[in-house]
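1. Only the shape, not the letters, is given here:
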């Protein structure tokens, strides 16, 4: 039975989550482009906004890129970690970013709760999302404290698991032996991925990259020929 | 030369009576939706005053427009690279507190209140939260409050005025103010467009109207901060920026924009100008005192055969060229030089120009009665009750010469018409004044006709939009021929 559940959570859920992310995001972009927005509330509350949104975004960006690096280039990470001082630097900065993200998330909740105007623009799905993100980041911070040297053991045992998912031959033996909180962190991560296209998180998919290279002014003509 | 056509606007401030009809016409058509409740794409301000949003002209606070930097210009707020670290929290974003919290009234209480000793009241309710609120400010909160120590005294345009000039503006029983109606300037070098990381804001090639593509806006909020005139508004409900669209659906069908159409004082003019888009960057970067002449030099003579040829090469329709030749805007801006851009020092090259107010005063209240303050028909413009420096800060990029030129010409036209119609001033004197104002009799007559006798067709010379041709580029007009119609567009296929 336990095996069956593990299989469901670590070998089926990931595909359902990523499938949902891809299909729903594309369909939503095609049929409801208008809803792609960061839905900023800075206009309604401009002071606490800074102390919530900036730590959260910088924190989560670094953390996400860190996870991605460990997944894509595990050998580089392991090589970097060959020196104890460098492991310590990596661990401490990762933990700091995790805590920063968590502070940002709590500040976001406090900000929304304390302002009646902001409650008007807070949807039920926002609440679900923020709870899931808090759980996710709190678990991450907890793991970083309780099971140190994560940058090394992630690269050694979780990267192969994630790779096995990518090659469509899921090997869950890497995760089944993990501590409970690591398992929860993985499961919740896939839940967030699955929820992603139903939330305001879709703004991540439309981050403006051509801005830096485009001409300063934008002119559109009816007869095409836009410059 | 890269000739483009642009819808350009003139507001004649001496004719504005501050009735706000324009604002209401606009509000009823475009901004009565949830999230737009606080927006006034068109608003009318009292000057001196702090305006809407409060003190919008203070760019130390709002950081709107362009600034000179290393020999070129850059956005004062967050252009190009500087948007990256600031995208999560825009450092120059105004908040609703700078505008006002929109409200309505609890009218039902007037009907439903239980019987009691007091008259029932309709308390104000926030249109955002639905809670009762104490109204503390609104869109015209300083309406007619010239002389107010809270509002008028904080007008950013008072910078550089001497103590004496301030006295002149604020002395009790001498208070003076004028109205300043504002819409989007549909600039030639729009800061909002340049700031948008998503490329959602754009300028229409055919008529220069600046729009926000609602489907591409992602609420990064850069445009709100970048527009020095604070004419891009953030819809707090949809999470999209919105702005004046110059009523393009009306303009495309030959009608004047709603605020223009409804204007009681007939202060508004709309016409095409042709300008050289290749020189926008160069002109935007001129020293401040050369900006007004620089922008004038961008605007091309629509009767010049060379310009016409270049315009045709750029695909500008014959009808548009013809409209440009009859454009009231071209006359006001370029021929007569009596219409001036607001705050050209923001370097966005606005396409809305103002005829500065003369505010003629012929008598003042003295103990016991009226006392004529001048021997002449009108006071001398240099002793105008609105200090020239104030008008220069607003319309002259700081240069009094541009404003006094416009006022002197207006005054000369009045003298000339007085000589024609009343005859109590000699034509000789009137002609001398015209000469001093660099104005011929023909020009004076034209100015008089377009300011005083102007009909609808004189004020609004709107080029045909040729949408019937434009739509062909996007869609085959025959695409749905022989399809089913009636709400679905597939072929009439027989069922199995």
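-> Cool, the structure landed. Remember, predicted model here, so these are calculated numbers, not experimental data.
2. Show the backbone phi and psi for the residue nearest the centre of chain A.
-> Compute the mean C-alpha point of chain A, and by Cα atoms, centre = their mean the closest residue is residue A:64, 5.8 Å away. In terms of degrees, to the nearest 10, the main-chain angles of residue A:64 are phi -60, psi -40.
3. That one and residue B:42, how far apart?
-> Between residue A:64 and residue B:42 the computed distance is 45 Å (Cβ to Cβ, to the nearest Å). (Glycine included, C-beta is placed from N, CA and C.)
4. And residue B:269, by the same measure?
-> In this view, residue B:269 and residue B:42 are 15 Å apart by Cβ to Cβ.
5. Strands of chain A, start to end?
-> A:219-220 (DSSP state E).
6. lowest-confidence helix or strand of it?
-> Sorted by mean pLDDT, DSSP states H and E, the helices and strands of chain A end with helix A:150-153, the least confident at a mean of 81.
7. Flag every buried residue along that one.
-> By neighbour count with 16 or more other Cβ atoms under 10 Å in any protein chain shown, helix A:150-153 contains the buried residues A:150, A:151, A:152.
8. The residue nearest to the centre of chain A and chain B, how far apart?
-> Here residue A:64 is placed at a distance of 14 Å from chain B (Cβ to the nearest Cβ, to the nearest Å).
9. mind showing which ranges of chain B have poor pLDDT?
-> Counting by pLDDT under 70, chain B has low-confidence residues at B:360-379, B:470, B:485-490.
10. again, only this time at 90
-> Within chain B, the stretches with pLDDT under 90 are B:78-84, B:145-152, B:160, B:162-176, B:358-387, B:423-425, B:465-496.
11. and what of chain A?
-> Flagging of chain A using pLDDT under 90 yields the residue ranges A:1-4, A:31, A:69-91, A:147-158, A:173-177, A:207-214, A:221-227.
12. how about the helices in it?
-> A:2-7, A:13-31, A:48-72, A:74-80, A:84-114, A:116-120, A:124-146, A:150-153, A:159-166, A:173-176, A:180-195 (DSSP state H).
13. which of the ones you listed sits most buried?
-> Of all the helices of chain A, helix A:150-153 carries the top mean neighbour count, a mean of 19, counting by mean count of other Cβ atoms under 10 Å in any protein chain shown.
14. Leaving out chain neighbours, which residue sits closest to residue B:323?
-> Distances taken as Cβ to Cβ, 6 or more residues apart in numbering or on different chains place residue B:463 nearest to residue B:323, at 3.8 Å, with adjacent residues excluded.
15. neighbours around that neighbour, how many?
-> By the other Cβ atoms under 10 Å in any protein chain shown criterion, the neighbourhood of residue B:463 contains 25 residues.
16. List the contacts of it.
-> Contact partners of residue B:463, counting by Cβ atoms under 8 Å, 6 or more residues apart in numbering or on different chains, are B:5, B:207, B:272, B:317, B:319, B:320, B:322, B:323, B:324.
17. ok, now residue B:159?
-> Residues residue B:393 are the ones in contact with residue B:159 under the rule Cβ under 8 Å, 6+ apart.
18. Could you dump the helices of chain A into TSV and include distance to residue B:445?
-> As requested, the helices of chain A are exported to TSV (distance: least, Cβ to Cβ, whole Å):
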stretch	distance to residue B:445
helix A:2-7	92
helix A:13-31	60
helix A:48-72	58
helix A:74-80	81
helix A:84-114	64
helix A:116-120	57
helix A:124-146	65
helix A:150-153	84
helix A:159-166	81
helix A:173-176	89
helix A:180-195	72
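19. how much space between the residue nearest to residue B:120 when sequence neighbours are not counted and residue B:122?
-> Leaving out its chain neighbours, the residue that sits closest to residue B:120 by Cβ to Cβ, 6+ apart is residue B:113, at 3.5 Å. Here residue B:113 is placed at a distance of 10 Å from residue B:122 (Cβ to Cβ).
20. How about residue A:194?
-> If you measure residue A:194 against residue B:122 using Cβ to Cβ, the figure is 49 Å.
21. for the closest residue in space to residue B:227 that isn't next to it in sequence, phi and psi?
-> Excluding the flanking residues, the one nearest residue B:227 by Cβ to Cβ, 6+ apart is residue B:192, at 4.5 Å. With angles defined as degrees, to the nearest 10, residue B:192 shows backbone torsions of phi -60, psi -40.
22. Report how many residues lie close to residue B:192.
-> By other Cβ under 10 Å, the residues close to residue B:192 number 28.
23. check contacts around it.
-> B:201, B:210, B:223, B:226, B:227, B:232, B:243.
24. and the residue of the stretch 1-150 of chain B found nearest chain A, backbone torsions?
-> Using Cβ to the nearest Cβ, residue B:95 is the residue of the stretch 1-150 of chain B that sits closest to chain A, at 3.7 Å. For residue B:95, the backbone dihedrals are phi -110, psi 170 (criterion: degrees, to the nearest 10).
25. Compute the distance between the closest residue to it other than its chain neighbours and residue A:117, please.
-> Once its chain neighbours are removed from consideration, residue B:95 has its nearest residue in residue A:46; the separation is 3.7 Å (Cβ to Cβ, 6+ apart). Distance, residue A:46 to residue A:117, using Cβ to Cβ: 11 Å.
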